[in-house]
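model the following, please.
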Amino acid sequence: MCCFWYTYMQIVRQDRVLMESADTCVIILNWNGLRHLETCLRALERQSYKRFRTILVDNGSKDGSREYVQKCFPGVEIISLLRNRGFAEGNNVGIREALADKGVAYIAVLNNDTEADAQWLYELRATASKDERIGAVSSKMLRFDERTVLDSAGDFFKAGTLKVVTRGFGREDKGQYDREEECFSARAGAALYRRSMLEDVELDGDFFDSHFFAYVEDTDLSVRARLKGWKIMYAPKAIVYHKVAATTSTISYAFRRYRSGRNRLFLAIKNYPLSLWLGVFRGTASVEKGYTLGIIGSIATYIRIACSLVCSLPRLVRQRRAIQQSRAVSAAAIGSWRERFSI
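Numbers count the residues shown, from 1 in each chain. Model (predicted):
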């Protein structure tokens, strides 16, 4: 009995030390994603890098997600929200909780509909550790059901525009994007953020802008980071398999068009010189080629965007003033982004 008790206490003590020494936190946002959680959380258990905590932020799910995680993954910390507060604010809640632990140096954000390779977190951290000015690292994302087809190899500008698009989407992965390099924006479906960068770009208590709710919020965060001189990298060995649009396919296309269109306006007003605004809206074709809105639906969407813009303008102007006053790069450097990060 004494031997058993000693062994048990050793295990408990090791677990406690591991938690106390965790320097990374993985945040998973969940909204009625019970069917995805087994795959996602088991993959995190297999990570070669062990010094991390996992926080699941539940966005008011009604499918038993919280109860399942409590029963089957007791080591996962759960934050339960009473309602769906969107991708941006849901992740902010997790980030604030992670930052309360002064020992956490990196925060990874991971979609619940993913399966991370066992080396995923190790590779993200390895890339981030190469330069203290690397504020974010984006993963290579492959399709869950077609594992040689790319979902994302970092976010870049569409040539001739300032519209951010994901590189390699739908293409066969033949190693063409296997070079570690800077990308323009980190795709928040599977990205690592440096603590000091998040604290540097915090605005109105937010990291991802909560007013965006969903879509373009990761680009906005990356742009604000770049305006303060942070680098953003793409790590090709940090591989994640993604069930493409597993969550967004349950949301109406009209909603997606409204949020993405409106949020691109928000992004431009907050961050870019006036001379570059037009480039944000050139080349507006969506990767969702199978979806269309009728004339009435399109008009209604544009009216909603216009109304939201008018209501949000005082806040956007105030945020723009704060961002521009604190930026560390010149207007000329901002203008060079379009050529430097175009695909």
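
lowest confidence element among the helices and strands of this protein?
Least confident helix or strand, the chain: helix 2-20 with a mean of 41, by mean pLDDT, DSSP states H and E.

following element in sequence after that helix, please.
Using DSSP states H and E, the helix or strand that follows helix 2-20 towards the C-terminus is strand 24-30.

what's the following helix or strand after that next one?
Once the chain leaves strand 24-30, the next helix or strand it forms, by DSSP H and E, is helix 34-45.

pLDDT below threshold where in the protein?
The chain contains residues with pLDDT under 70 at 1-20, 245-251, 278-294.

so it: which segments form each domain?
When the chain is parsed into structural domains using automatic domain parsing, the resulting residue ranges are 2-250, 253-340.

show me where the stretch 51-200 of the chain has helices.
Using DSSP state H, counting those that start in this stretch, the helices of the stretch 51-200 of the chain run over 65-72, 86-99, 120-128, 195-201.

biggest helix in this protein, by residue count?
Ordering each helix of the chain by length in residues (DSSP state H) puts helix 295-326 first.

in that one, which residues are buried?
Residues of helix 295-326 classed as buried: 301, 304-305, 308, 312, 316, 319, 323 (neighbour count, 16 or more other C-beta atoms under 10 Å). All C-beta atoms are positioned from the backbone trio N, CA, C, and that covers glycine.

stretch 128-147 too?
Buried residues in stretch 128-147, defined by neighbour count with 16+ other C-beta under 10 Å: 128, 134-144.

redo these as a markdown table? Include distance to residue 253.
Formatted as a markdown table, these follow (distance: C-beta to C-beta, whole Å):
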| residue | distance to residue 253 |
| --- | --- |
| 128 | 36 |
| 134 | 36 |
| 135 | 33 |
| 136 | 29 |
| 137 | 31 |
| 138 | 26 |
| 139 | 26 |
| 140 | 27 |
| 141 | 22 |
| 142 | 25 |
| 143 | 21 |
| 144 | 22 |
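
wait, which of the residues you listed is closest to residue 189?
Lowest distance from residue 189 to the buried residues of stretch 128-147 (C-beta to C-beta) belongs to residue 141, with 6.3 Å.

residues touching that closest one, list them.
The neighbours of residue 141, taking C-beta atoms under 8 Å, 6 or more residues apart in numbering as the test, are 114, 150-153, 187, 189-190, 239-242.

could you rerun that using 6 Å?
By C-beta atoms under 6 Å, 6 or more residues apart in numbering, the contact set of residue 141 is 151-152, 190, 240, 242.

looking at it, residue 236 is touching residue 140, isn't it?
Yes: between residue 236 and residue 140 a contact is recorded at 4.9 Å, counting by C-beta atoms under 6 Å.

of the buried residues of helix 295-326, which is the nearest to residue 213?
The closest of the buried residues of helix 295-326 to residue 213 turns out to be residue 308 (C-beta to C-beta; 10.7 Å).

what angle do the longest strand anywhere in the chain and helix 120-128 make?
Counting by DSSP state E, the longest strand found in the chain is strand 231-242. Inter-element angle recorded for strand 231-242 and helix 120-128: 170 degrees (by axes from the mean of the first three to the mean of the last three C-alpha atoms, to 10 degrees).

correct me, but residue 159 touches residue 342?
Yes: with contacts counted by C-beta under 6 Å, residue 159 reaches residue 342, the gap being 4.7 Å.

how about the nearest residue to the residue nearest to the spatial centre of the chain, chain neighbours excluded?
Among the residues of the chain, the one closest to the centroid is residue 188, at 1.5 Å (C-alpha atoms, centre = their mean). Nearest residue to residue 188 in three dimensions, chain neighbours excluded: residue 218, at 3.6 Å (C-beta to C-beta, 6 or more residues apart in numbering).

ok, residue 112 next?
Residue 112 sits nearest to residue 33 (C-beta to C-beta, 6+ apart), 4.2 Å away.

cool, residue 235 as well?
Nearest non-adjacent residue to residue 235, counting by C-beta to C-beta, 6+ apart: residue 127, 4.1 Å away.

which residues does the one you found contact?
Going by C-beta under 6 Å, 6+ apart, residue 127 touches 137, 233, 235.

hmm, 7 Å instead?
137, 180, 233, 235 (C-beta atoms under 7 Å, 6 or more residues apart in numbering).
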